[in-house]
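1. Coordinates only, no sequence provided:
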């Protein structure tokens, strides 16, 4: 189901009011202007926190000097600290101003995420925690406008990539439900920021929002209420076309359009591919149900944008369909809905679109 934060963009007042945070998605509560500190820390990790975590042996190996157990100020990044009831607001020297937050995000995406020496899930756990701390610093300082948009767009770009990249990880190493909740919160916050002015990245990220929430009426309603210039953009028109094809169960057109999407758009859509293929096979099981009818697996794999006929055969068997001599036999009585949908990695629809660009370059290209 869609997170409750999906409707946050329209349910909450515009961020022009003077309010501190009331929930983790960046929604705002009553307060005065003088309650918001302005960060003065010009390092990715405040020196006091670095010294404390070094004493307590709580530094991640990605924050240590090479070959030592000492913290490296050039690599250490402020960790997320859960707010406690009655806890005082942090001092300005404990908060990073907007330029430092943006530099921190670029460091994490450009230098930490590509780390090949550690398992991807472990790298993500570190990056996700540090990006959450970036959101916390931005909220405590009540950042808005272009500086806030710059941060949130890059955070969302990474989170869309991570949701796809780690889709095969067990829940103990990557929690897709928590990831989805945090991603929806960032979408809500970013889309409220867009109401303050024009931003070049808005069409792309509004399209990501619709693709991530493919088929959900509330997401479509919110997108259709966007200003005309945004709705008229090629990126959003493409996302709307994909959404309509999905709602109309026009599977040939749907998968043809999906193949034309760029990398981050494909990452946003990826979590819906398993259900789309299930619905397509259900449609074919009713439409082509005949004892002597055979559908070639190669043709079906091409239609549903599956990487190989062998993978297509396994998908058909997973849904109770009979596979004989390189073809599938569609019979509506045989079709079954498996408990677990297959949303694995896709070379054709996602991986092949990465190209030679780094992840940071891909994300920066989509941002304002």
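-> Now that the structure is in, tell me what you want to look at. On a predicted model such as this, the values are computed, not experimentally measured, just so you know.

2. which is the next helix or strand following the helix or strand hosting residue 230?
-> Per DSSP states H and E: residue 230 is located in helix 228-231. Per DSSP H and E, the first helix or strand lying C-terminal to helix 228-231 is helix 234-247.

3. So for that next one, what gets flagged as buried?
-> By neighbour count on 16 or more other CB atoms under 10 Å, the buried set for helix 234-247 is 235, 236, 238, 239, 240, 242, 243, 245, 246. For glycine as for every other residue, the C-beta is placed from the backbone atoms N, C-alpha and C.

4. Those into CSV, with extra columns for pLDDT?
-> Shown next, in CSV, are the buried residues of helix 234-247 (pLDDT from 0 to 100):
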residue, pLDDT
235, 97
236, 98
238, 98
239, 98
240, 98
242, 98
243, 98
245, 98
246, 98
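
5. JSON lines please, covering those residues and showing distance to residue 358.
-> Shown next, in JSON lines, are the buried residues of helix 234-247 (distance: CB to CB, whole Å):
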{"residue": "235", "distance to residue 358": "21"}
{"residue": "236", "distance to residue 358": "26"}
{"residue": "238", "distance to residue 358": "24"}
{"residue": "239", "distance to residue 358": "25"}
{"residue": "240", "distance to residue 358": "30"}
{"residue": "242", "distance to residue 358": "26"}
{"residue": "243", "distance to residue 358": "30"}
{"residue": "245", "distance to residue 358": "32"}
{"residue": "246", "distance to residue 358": "31"}
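
6. What is the nearest of those to residue 346?
-> residue 242 (15.2 Å; CB to CB).

7. Distance-wise, check the closest one relative to residue 305.
-> 12 Å (CB to CB, to the nearest Å).

8. Quick check: neighbours shared by the two?
-> residue 258 (CB atoms under 8 Å, 6 or more residues apart in numbering).

9. Before we go further, residue 151 is sitting in a strand, right?
-> No - looking at residue 151 with DSSP: H, G, I helix; E, B strand; the rest coil, it is helix, so not inside a strand.

10. How many residues are close by it?
-> Residues within reach of residue 151, counting by other CB atoms under 10 Å, total 26.

11. Now do the strands in the stretch 201-350 of the chain.
-> Counting by DSSP state E, counting those that start in this stretch, the stretch 201-350 of the chain has strands at residues 295-296, 322-324, 327-329.

12. among the ones you listed, which is the most enclosed?
-> Highest mean neighbour count among the strands of the stretch 201-350 of the chain (mean count of other CB atoms under 10 Å): strand 327-329, with a mean of 21.

13. can you list contacts of it?
-> Strand 327-329 is contacted by residues 291, 293-297, 300, 312-313, 316, 321-323 when judged by CB under 8 Å, 6+ apart.

14. Stretch 332-343 too?
-> Applying CB under 8 Å, 6+ apart, the contact partners of stretch 332-343 are 167, 270-271, 273-275, 277-278, 281-282, 285-286, 289, 315, 318-322.

15. Equivalent analysis for stretch 101-113, please.
-> 44, 62, 77-78, 96, 123, 126-127, 130-131, 134, 137-138, 143, 147, 150-151, 154-155, 157-158, 358-360, 363.

16. change it to 7 Å
-> The set of residues external to stretch 101-113 that reach it, using CB atoms under 7 Å, 6 or more residues apart in numbering, is 44, 62, 77, 96, 123, 126-127, 130-131, 134, 137-138, 150-151, 154-155, 158, 358-360, 363.

17. Can you select the buried ones from these in PyMOL?
-> Here is the PyMOL command that selects the buried residues among the contacts of stretch 101-113 (16+ other CB under 10 Å):
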select buried, resi 44+62+77+96+123+126+127+130+131+134+137+138+150+151+154+155+158+359+360+363
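
18. buried ones in the helix holding residue 230?
-> By neighbour count with 16+ other CB under 10 Å, helix 228-231 contains the buried residues residue 230.

19. Summarise which helices and strands it is packed against.
-> Helices and strands touching helix 228-231, by 3 or more CB pairs under 7 Å, 6 or more residues apart in numbering; DSSP states H and E, are helix 202-212.

20. ok, now with 10 Å
-> helix 202-212, helix 217-224, helix 234-247 (3 or more CB pairs under 10 Å, 6 or more residues apart in numbering; DSSP states H and E).

21. Which members of the contacts of stretch 332-343 are classed as buried?
-> By 16+ other CB under 10 Å, the contacts of stretch 332-343 give 167, 270-271, 273-274, 277-278, 281-282, 285, 315, 318-319, 321 as buried.

22. Tell me the one among the buried residues of helix 234-247 nearest to residue 349.
-> Proximity of the buried residues of helix 234-247 to residue 349 (CB to CB) peaks at residue 242, which lies at 11.9 Å.
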